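Asks: sequence plus the predicted model coming up.
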Amino acid sequence: MSTTSTPPALSIGPIALDAPVVLAPMAGITNTAFRRLCREFGAGLYVSEMVTARALVERTPETMRLIGHHESETPRSVQLYTVDPKTVGDAVDIIVGEDRADHIDLNFGCPVPKVTRRGGGSALPWKRELFGAIVRRAVERAGDIPVTVKMRKGIDDEHLTYLDAGRIAEDVGVVAVALHGRTAAQHYSGQADWDAIARLKEHVTSIPVLGNGDIWQAEDALRMVEQTGVDGVVVGRGCLGRPWLFGDLAAAFSGSDERHRPGLGQVVDAFRRHAHLLVEFFGEEDRACRDIRKHVAWYFKGYPVGGDARRALAAVESLQHLDDLLGELDRSVPYVAEGVEGQRGRAGSPRTPALPDGWLDSPELSDAQRALLVEDESDTRGG
Ligand SMILES: Cc1cc2nc3c(=O)[nH]c(=O)nc-3n(C[C@H](O)[C@H](O)[C@H](O)COP(=O)(O)O)c2cc1C
């Protein structure tokens, strides 16, 4: 495979990565258990699921658990969601003062109605000044810790924000920006717009630009780099149930065409290891078993595992139960390319974003909107 289109080594500020690859933050997924599993296969940066700055400042036990890292995880990345410059400053103070991460990513991509209705996530960069104030504050407080921004194209096709936001982020000292090539209105529907990623790369010239959206296998990542010129890729849904994708990505970017083609036995082993790592993460077998259930369909997608076995796994109750169920699968089943490769995870259809009253009337924040923003930053599940 040709290496001519591969980007140079990617650095996130002072952090030199061993591959230009980032595991996308995914709420409910990219906890330390899943990050460790992915890292065992590959290279690059592995970002925690988002936590709200407010919940971090309040030190809610769930948030403190979510930002935790295993000692093998280095560099450590934490993603913050916020709508308020002061709160983000306080949250960054905690991270830096207590040495809780080596990199902070700011979430401006979440399209979940509960979040955008309050002006947060992908709705926020529309208010340029507020966006700039939040990012500037985070960068100032972070000191030597690099800060990045992850965003969508905008609210909808008539209200694109990514070019302005990219430039603002660059100006206030962010070390890299990542673009998911969809608007909030698109949610996860349709195809990610890689042309927009290419435009951002042309527009933001002094820091790395990372592309995100619809990388299902290593070849897609190479294609994105070639088509858009980005400095690195951010991979989300493609690795659900396929942590070895990070091995493929590392191989692809080093010019090798070696790929993981796991037979069912290897899938079983990874699934089992994931469950065990979740027990460590939650500190509770019961909770880990409930959590691993949502991964069943992803791991076994495409493999000839019958409906009864899938249903039983999706109701697994203990590690012993898990071993019993996995023991019934035929480990000798080989890789099944057609069923395994391609899209997985959330898709859905476009929808009109829920926004605060009059949000789109002006890129300036009104007093009423400002009041709304400071009220609620309760724990939320990202996207
Ligand atoms: C289950 C799930 C949870 C997500 N949670 C977050 C999150 O916490 N923070 C964030 O910035 N993006 C989140 N995202 C968006 C992903 O990081 C990524 O931008 C998106 O899935 C597009 O990339 P992909 O096509 O590689 O999946 C989430 C996506 C999914 C599917």
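Replies: That came through fine.

Asks: same for the longest strand seen in the chain, what does it pack against?
Replies: Longest strand in the chain, counting residues (DSSP state E): strand 147-156. For strand 147-156, the packing partners by 3 or more Cβ pairs under 8 Å, 6 or more residues apart in numbering; DSSP states H and E come out as strand 103-108, helix 128-142, helix 162-171, strand 176-183. Just so you know, the C-beta spots here come from the backbone N, C-alpha and C atoms, and that holds for glycine as well.

Asks: pLDDT on that strand, on average?
Replies: For strand 147-156, the mean pLDDT works out to 98.

Asks: neighbouring strands - and their directions - for it?
Replies: With DSSP bridges as the test, strand 147-156 is paired with strand 103-108 (parallel), strand 159-160 (antiparallel), strand 176-183 (parallel).

Asks: now mean neighbour count too, for these, in TSV please.
Replies: Formatted as TSV, these follow (neighbours: other Cβ atoms under 10 Å):
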stretch	mean neighbour count
strand 103-108	27
strand 159-160	18
strand 176-183	27
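
Asks: could you point out which of the helices and strands packed on strand 147-156 sits nearest W298?
Replies: The closest approach between W298 and any of those, judged by Cβ to Cβ, belongs to strand 176-183 at 19.7 Å.

Asks: how much does that closest one deviate in direction from helix 162-171?
Replies: Orientation check (axes from the mean of the first three to the mean of the last three Cα atoms, to 10 degrees): strand 176-183 against helix 162-171 gives 170 degrees.

Asks: tell me if the helix or strand that comes right after strand 176-183 is near the ligand.
Replies: Using DSSP states H and E, the helix or strand that directly follows strand 176-183 along the chain is helix 194-203. No. Using Cβ under 6 Å from any ligand atom, helix 194-203 never reaches the ligand; the gap is at least 11.2 Å.

Asks: swap in stretch 42-62?
Replies: Yes. Under the criterion of Cβ under 6 Å from any ligand atom, the ligand is reached by stretch 42-62 at E49, M50.

Asks: give me the mean pLDDT for that stretch.
Replies: According to the model, stretch 42-62 has a mean pLDDT of 96.

Asks: gap between that stretch and the chain center?
Replies: From the chain centre to the centre of stretch 42-62 is a distance of 11 Å (Cα atoms, centre = their mean, to the nearest Å).

Asks: before we move on, what about stretch 109-129?
Replies: The chain centre lies 17 Å from the centre of stretch 109-129; the measure is Cα atoms, centre = their mean.

Asks: what are the buried residues along that stretch?
Replies: 109-113, 115-128 (16 or more other Cβ atoms under 10 Å).

Asks: same thing with stretch 314-332?
Replies: By neighbour count on 16+ other Cβ under 10 Å, the buried set for stretch 314-332 is V316, L319, L322, L325, L326, L329.

Asks: can you tell me the SS state at the first one?
Replies: What that stands for is V316. With DSSP: H, G, I helix; E, B strand; the rest coil as the basis, V316 sits in coil.

Asks: which residues touch it?
Replies: The neighbours of V316, taking Cβ atoms under 8 Å, 6 or more residues apart in numbering as the test, are A275, C289, I292, R293, L322, L325.

Asks: closest one of those residues to Y299?
Replies: The shortest gap between Y299 and any of those belongs to I292, at 9.2 Å (Cβ to Cβ).

Asks: just give the number of residues close to the closest one.
Replies: 24 (other Cβ atoms under 10 Å).

Asks: which part of the stretch 201-350 of the chain gets nearest to the ligand, residue-wise?
Replies: G236 (2.8 Å; Cβ to the nearest ligand atom).

Asks: so that residue touches V22, yeah?
Replies: No. Judged on Cβ atoms under 8 Å, G236 makes no contact with V22 at a distance of 9.6 Å.

Asks: which of the two has more residues huddled nearby?
Replies: More crowded of G236 and V22, by other Cβ under 10 Å: V22, with 28 against 22.

Asks: so the more buried one sits right up against C239, yeah?
Replies: No. With contact defined as Cβ under 8 Å, V22 and C239 do not form a contacting pair (11.1 Å).

Asks: what sits against G121?
Replies: Taking Cβ under 8 Å, 6+ apart as the test, what G121 contacts is Y81, N107, F108, G109, C110, P111, V112, V115, A184, G382.

Asks: that concludes my questions; thank you for your assistance.
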